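Colleague: Return a 3D structure for these sequence lines:
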Amino acid sequence: MPKSRVLNAGFFGTVDDAFSSRSLNLNGSVKEKVVSVQVESDLKEEDFSQLQVDAFLANRNKLNCCSLGIESTVYTATYIHLPASHALLHVKMSRPVKKVPLHINSSQGRLLIKGGKCVNDDREFSADIYIEGGVIKELGQNLIIPGGTRVVDAKGKLVIPGGIDTHTHLQKPVEVTPVADDFYHGTKAAISGGTTMIMDLVMEKAGVSPLEAYDKCRELADAMVCCDYGLHMTISGWSEQVAQEMDLLVKEKGINSFEVFHAYKGVLMLDDSDVLKVFSKAKELGSLAMAHCENGEIIEQKADELFDLGITGPEGHALSRPEEVEGEATYRAIVLANQARCPLYVVHVMSKTAANFVADAKKKGHVVFGEPTAASLGTDGTSYFHSCWKEAAAHVTSPPLRPDPSTPGCLMNLLANGDLQTTSSDNCTFTTTQKALGKDDFRKIPNGVNGVEDRMSVIWEKGVQSGKMDACRFVAVTSSTAAKIFNIYPKKGHIGVGSDADLVVWDPEATRTISAKTHNHACDFNIFEGMEVHGVPAVVVSGGRVVKDEEGLHLTQGSGQFVPTPPNAPYVYGRVALRDQALAPQKVDREAYDGPVIELATKVEEVTVCESAPPSVANDGIIHRPPTRGGGRNMQESSFSFSGDQFDDSKQRNSSRVSNPPGGKSQGLW
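Modeller: Numbers count the residues shown, from 1 in each chain. Below is the predicted model of the structure:
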């Protein structure tokens, strides 16, 4: 809750013309006066940036605040236009819901993007775009616009929907150390790269209420984000309470996606029976099941074995998580989701094996979506075996990048052809000193890499520039398909009248070289270091405001909005109802059987066998062992008798002539 106090200004500080009673004397002859007020506060210094100060007279007439200043823990406000009446001046300090600078409210309220070629996921067309109030109002040529509208020249460039990063970790409390990119730094980097909306994953350990985790994440994000955001929810444990809270999250909190983990045993991992329950509940709510696909049991065993062999470096991370481990869990998630008749979204597809399972499932008619990452499309896992520990550790993420250098190209082919559908960054950054927590044990290296800033440029370079996809497909995989899957299309991911004014003026000819020295992340390493990419966001518009142009970034902490994602997305559930009807089990109507039924014999009494009982010795000298569990003769029973008799001497045996008795012939030619 925001802190708010109403204070007597004169009592806490010095005020010009104050009486000894420490109140303000505003005599009737004064019609316009400048008054400086200093107010001490019990708020922390870092909270001052989010405060607003309002001055009131005793009769509750609000004064006009003209300037604010902060020095240490004293908040100074200067006021003008004091009314000609005697009153006591009070100051109210409070934290506003959103703090938006004047230049954002005024100069960017109306915007015209002129001369560019608009690109949606289905077509390209030439049109000017008029924006007002954060929404696209008009599209077309020779638009008549109000005076004072800011004009952005997009001639020779593309205008595309702002990117939607479907998977980030800007809030990750389950790690020992917090991520480097918080909601402010992460969304700042996103804007710089042309992404105007992120979808973060709310993560908490098993036993923590999903609603509690959601509220905590919203509180953090609302105060810090520089662009719009949505949320996915992790389900790390199953109970009736969790099921009830899933209901509330979907119906009241704007959540339509729930992720389960097949990895991180003892922390986030669910067994198959609980995964099936989550998927079934998600289907009931019309939401989307998401899965982190790795076999946690195998990983834990192999990691311990490698460490015991003396493999302690980052290569152990890749060796303990081979490709088939990701592939097996991907196939298992697809099977479980299909049995629950629930649509499935496989996050961070990192290997050819996992990608092929997704593609094959789609060919069989399953409702499943695959999401490769900027990392899996733009680089590989050969760095795990680099001689520099810092270089190797910086690439540690889960599932790991694959050492097979053909993997990125294969994933890009599947993405371009529609076998994979969306792209994310899986942005989860740590500094080198944080990664060094695992300097002697790869199992303790914090997992995660960067990507939210470079995702769109990397995909343009590896996809469009290489000739594998066109600009329309680029828009689909970076924005539009995500908006459709999470049910925020055409509000997001589309250029059309009524859509949100989240746009990027994209320069396909410009190039830049990616480097940790110039990126906007809070970490000190970039996995794409030195990569030259074509495709640069020249101008970025978020919520109708120019937040990036040739002069740099123009960001305001807390200016982004939470975007609810409603259930029952037509793109996801449009065919599910009919599919369920078509695949529903059908009872076969037939005549009842009226023939004879066999009569079962009396049940044979079971023989109780005491495994610890020793063999018994009969009077005939033969050792008798207990019968087998089935009641038959124990084949290990000895036929030896001290009397020289055999147990079957009473039976008649056919005679036989032995020409070569035991020991061989006594006579013969040698």
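
Colleague: how about the strands of the stretch 51-200 of the chain, start to end?
Modeller: Listed in chain order, the strands found in the stretch 51-200 of the chain under DSSP state E, counting those that start in this stretch are 52-56, 64-71, 74-80, 90-94, 110-114, 117-119, 124-126, 128-132, 135-140, 150-153, 158-161, 163-168, 195-202.

Colleague: pull the helix or strand with minimum mean pLDDT from this structure.
Modeller: Each helix and strand of the chain was given a mean pLDDT (mean pLDDT, DSSP states H and E); the minimum falls on helix 9-12 at a mean of 32.

Colleague: List of residues touching stretch 120-129?
Modeller: Taking Cβ atoms under 8 Å, 6 or more residues apart in numbering as the criterion, the residues outside stretch 120-129 that touch it are 112-118, 136, 138-143, 159, 161, 471-473, 475-476, 479-481, 493-496, 501, 503. Yep, even glycine has a C-beta here, placed from its N, CA and C like the rest.

Colleague: same question but for stretch 522-529, I mixed them up
Modeller: Stretch 522-529 is contacted from outside by 180-182, 185, 374-375, 378-379, 383, 390, 394-395, 429-432, 449-451, 454, 458, 514-516, 519, using Cβ under 8 Å, 6+ apart.

Colleague: Using neighbour counts, pick out the buried residues of it.
Modeller: Along stretch 522-529, these residues count as buried under the neighbour rule (16 or more other Cβ atoms under 10 Å): Ala522, Cys523, Asp524, Phe525, Asn526, Ile527, Phe528.

Colleague: Name the nearest residue to the second one, sequence neighbours excluded.
Modeller: With Cβ to Cβ, 6 or more residues apart in numbering as the criterion, Cys523 has its nearest non-adjacent residue at 3.9 Å, and that residue is Thr429.

Colleague: unless I'm mixing things up, the one you found is touching Asn447, no?
Modeller: No: taking Cβ atoms under 8 Å as the contact criterion, Thr429 and Asn447 are not neighbours in contact, 10.8 Å apart.

Colleague: the more surrounded of these two?
Modeller: Neighbour totals were compared for Thr429 and Asn447, and Thr429 leads with 30 against 19 (other Cβ atoms under 10 Å).

Colleague: give the contact list for that one.
Modeller: Val179, Ala180, Asp181, Gly448, Val449, Asn450, His521, Ala522, Cys523.

Colleague: repeat that with 7 Å
Modeller: Val179, Ala180, Asp181, Gly448, Asn450, His521, Ala522, Cys523 (Cβ atoms under 7 Å, 6 or more residues apart in numbering).

Colleague: Nearest to Arg575 among the residues you listed?
Modeller: When those are ranked by distance to Arg575 (Cβ to Cβ), Gly448 comes first, at 35.4 Å.

Colleague: excluding its backbone neighbours, what's nearest the residue nearest the centre of the chain?
Modeller: With the centre of the chain defined as its mean C-alpha position, the nearest residue by Cα atoms, centre = their mean is His167, 3.6 Å away. Once its chain neighbours are removed from consideration, His167 has its nearest residue in Ser424; the separation is 3.5 Å (Cβ to Cβ, 6+ apart).

Colleague: now swap in Lys137 and tell me
Modeller: If you skip the residues right next to it in sequence, Lys137 has Tyr130 as its closest partner in space, 5.1 Å away by Cβ to Cβ, 6+ apart.

Colleague: residues touching that neighbour, list them.
Modeller: With contacts defined as Cβ under 7 Å, 6+ apart, Tyr130 is in contact with Leu112, Lys137, Glu138, Leu143, Ile145.

Colleague: What is the burial count for the second one?
Modeller: Neighbour count for Lys137, taken as other Cβ under 10 Å: 17.

Colleague: And the contacts of the longest helix anywhere in the chain?
Modeller: Looking only at the chain and at elements set by DSSP state H, the helix with the highest residue count is helix 323-339. Residues from elsewhere that reach helix 323-339, judged by Cβ under 7 Å, 6+ apart: 262, 272, 275-276, 279, 289, 291, 293-295, 298-299, 344, 346, 350-351, 353-354, 357-358, 361, 366, 368, 399, 402.

Colleague: circling back to that earlier point, give me the buried entries from the contacts of stretch 120-129.
Modeller: Applying 16+ other Cβ under 10 Å to the contacts of stretch 120-129, the neighbour count classes 112-118, 136, 139, 159, 161, 471, 473, 475-476, 479-481, 493-495, 501, 503 as buried.

Colleague: Quick check: which ranges of the protein have low pLDDT?
Modeller: The chain contains residues with pLDDT under 70 at 1-108, 603-670.

Colleague: Can you say which helix or strand has Lys548 in it?
Modeller: Using DSSP states H and E, Lys548 sits in strand 545-549.

Colleague: what angle separates that strand from strand 110-114?
Modeller: Angle between the axes of strand 545-549 and strand 110-114 is 50 degrees (criterion: axes from the mean of the first three to the mean of the last three Cα atoms, to 10 degrees).

Colleague: ok, strand 545-549: who's next to it in the sheet?
Modeller: Looking at strand 545-549 with DSSP bridges, its partner strands are strand 532-542 (antiparallel), strand 552-553 (antiparallel).
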